[in-house]
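S.K.: Dropping a prediction and its sequence here:
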Amino acid sequence: MITTFKPLIVDALKEMAAHKLRTLLTLLGMIFGVGAVIAMLNIGEGAERQALKLIDSMGLRNLIVESKQFANDELMEIREDSLGLTLADLDAAAATLPFVESYSAERKVKTQSIYSDKGRSDASVVGVTASHFTLSNMQAAVGRLLSEDDERNVAQVVVLGASAAEELFPQGGGVGQYVKINHLWLEVVGVLYNPYLGKDEFQGVKIGGDSARLFVPLSTSLKKLSGVALASELDSIKLKISEQVDPSIAAKAVEQLFKLRHAEAEDYQLIVPAALLAQQKQTQQIFNIVMACVAGISLLVGGIGIMNIMLANVLERTKEIGLLRAVGATQKDIKFQFIAESFTISVLGGLLGIVFGLALSEIIGFYSGWAVSWSMVAIFLSLGICIAVGVGFGVFPAIKASQLNPIEALHSD
């Protein structure tokens, strides 16, 4: 008579080994179901982490006002009503909006040539305020970032993005060397750390690209380097809002202010990173629900397969069940024996499904370019669901086996 759970597992493994093809076909449903759950959650986890990294580069508590691009004839019409983004806009926002904690500005510089005595570069050049780096979560890998003194003194200094530094100084170094932008020589004071974002766009908004940029003080770009004809004084403004204010409410106030200052000319766009993140999460949630339904159906099919196999086992092993009852096995013993078999199949299918799911995640990530991140929650959750489904569908065959009449079972063909 069976008294411990371990012999039940051993007997279940022997029974599975005796019917290899049937066991394999039963396992496939569980393997595909668990694999689908793991792949779905891993891709979802990767997408969420990448979204957070992308948003971090924009600043979750920031509001970004960007100048729109127009054709020359359209731009000339707009300039009759609005000068575009200006330093006066920035000052007005800082003075009239109490929730603005800090701010920064950026201006694109028109470049003809960028070179050093070690190399050349096709990178873009932007003039920025010292606060730009903090609001954009940028860090210096070597040297320092631009300072308020650089801004006040119209200093001829520059901070290089990582890839721009590699082009201008292929053998490394760079800090303390000089770079010529158009006609102006500037001293390199720092090189930026280059975080890998994986994408240069988030929810249709261009981001990143800082690796292929050179950063000079905004005052230097305005007074010593030329901009694009008819372009606004500034190309973008970042406003960091306080923690106590909801970004969507702050965005309405900023929108109203800029409408008044620009005579309602739509020559700018307001970007709310927090709203983009919420939109991304909503999209990801829909994706997760759809994939969960697909994975759930796979597990359900696998569970039905286990029930079919277990019912077939009951029919095939009717005499064995009768013999066990005859030598003293109780209904409870028979029930536990068949439940142990369904449990063993579920665990084995779940473990193989984990391997399949992890491999599937990597394959999907490799060919689609999606971010994939392993999630221990996904692994344990999918294994738990698999065992619950397998055991749940094995209960009915186990009860049916335990209720067989011992005498009839011994005389069955």
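M.R.: Here it is on my side, so go on.
S.K.: what's around I249, how many residues?
M.R.: Residues within reach of I249, counting by other CB atoms under 10 Å, total 10. (Each C-beta comes from the backbone N, C-alpha and C, glycine too.)
S.K.: how about the helices of the stretch 101-250 of the chain, start to end?
M.R.: 132-135, 148-152, 162-168, 218-224, 247-261 (DSSP state H, counting those that start in this stretch).
S.K.: Against which helices or strands is the shortest one packed?
M.R.: Looking back up the chat, that one is helix 132-135. Secondary-structure packing of helix 132-135 (3 or more CB pairs under 8 Å, 6 or more residues apart in numbering; DSSP states H and E): strand 100-109, strand 236-241.
S.K.: okay, A295: pLDDT?
M.R.: Among the per-residue scores, A295 holds a pLDDT of 73.
S.K.: go on, G44?
M.R.: For G44, pLDDT reads 77.
S.K.: where's the closest residue in space to W185 that isn't next to it in sequence relative to Y115, distance?
M.R.: Distances taken as CB to CB, 6 or more residues apart in numbering place Y178 nearest to W185, at 5.2 Å, with adjacent residues excluded. For Y178, the distance to Y115 (CB to CB, to the nearest Å) stands at 10 Å.
S.K.: Give me the phi and psi angles of E80.
M.R.: Torsion angles at E80 (phi, psi; degrees, to the nearest 10) stand at phi -70, psi -30.
S.K.: So which of the helices of the stretch 101-250 of the chain is the most surrounded?
M.R.: helix 162-168 (a mean of 22; mean count of other CB atoms under 10 Å).
S.K.: hmm, who's touching that one?
M.R.: 114-116, 118-123, 141, 160, 174, 179, 188, 191-194, 211-214 (CB atoms under 8 Å, 6 or more residues apart in numbering).
S.K.: In strands, which of those fall?
M.R.: The strands, defined by DSSP state E, take in 114-115, 141, 160, 179, 188, 191-192, 213-214 from the contacts of helix 162-168.
S.K.: Can you pull out the low-pLDDT segments for this structure?
M.R.: By pLDDT under 70, the low-scoring segments of the chain are 1-6, 8, 12, 56-57, 196-209, 227-229, 405-413.
S.K.: Which residue ranges make up the domains of it?
M.R.: Under the assignment automatic domain parsing, the domains of the chain span 5-54+279-410, 111-226.
S.K.: could you redo those domains as a markdown table and give each row distance to T96?
M.R.: Listed next are the domains of the chain as a markdown table, based on distance: least, CB to CB, whole Å:
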| stretch | distance to T96 |
| --- | --- |
| domain 5-54+279-410 | 29 |
| domain 111-226 | 19 |
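S.K.: between those, which one is nearest to S102?
M.R.: Between S102 and those, the shortest separation by CB to CB is 5.6 Å, and it involves domain 111-226.
S.K.: which residue is nearest the centroid of this structure?
M.R.: A47 (2.3 Å; CA atoms, centre = their mean).
S.K.: is it true that that one lies in a strand?
M.R.: No. Assigned with DSSP: H, G, I helix; E, B strand; the rest coil, A47 falls outside any strand and is helix.
S.K.: Next one: it from V347, what distance?
M.R.: If you go by CB to CB, the gap between A47 and V347 works out to 30 Å.
S.K.: now do V254
M.R.: Distance of V254 to V347, computed by CB to CB: 56 Å.
S.K.: now swap in L75 and tell me
M.R.: 67 Å.
S.K.: again, but for M16
M.R.: From M16 across to V347, the span is 11 Å (CB to CB).
S.K.: ditto for L184
M.R.: L184 is 70 Å from V347, by CB to CB.
S.K.: Next, count neighbours for the residue nearest to A47 when sequence neighbours are not counted.
M.R.: Excluding the flanking residues, the one nearest A47 by CB to CB, 6+ apart is Q284, at 5.6 Å. Neighbours of Q284 under the rule other CB under 10 Å: 16.
S.K.: Please apply the same query to the one 3 residues further on.
M.R.: Residues lying near F287 (other CB under 10 Å) number 14.
S.K.: Please apply the same query to T283.
M.R.: 13.
S.K.: what's the distance between it and L54?
M.R.: T283 is 14 Å from L54, where distance means CB to CB.
S.K.: residues touching E148, list them.
M.R.: E148 neighbours (CB under 8 Å, 6+ apart): A130.
S.K.: now with 10 Å?
M.R.: Contacts for E148 (CB atoms under 10 Å, 6 or more residues apart in numbering) come out as 129-131, 217.
S.K.: And the buried ones among those residues, selectable in ChimeraX?
M.R.: Remark: buried members of the contacts of E148, expressed as a ChimeraX selection using 16 or more other CB atoms under 10 Å:
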select :129,130,131,217
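S.K.: Between the contacts of E148, which sits nearest E320?
M.R.: Using CB to CB, these come closest to E320 at S131, 79.2 Å.
S.K.: How about the closest one: what's its closest non-neighbour residue?
M.R.: Nearest to S131 is S104, by CB to CB, 6+ apart, at 4.3 Å.
S.K.: I figured that neighbour hits L218, correct?
M.R.: Yes. Shown here, S104 and L218 form a contact pair, counting by CB atoms under 10 Å, at 8.8 Å.
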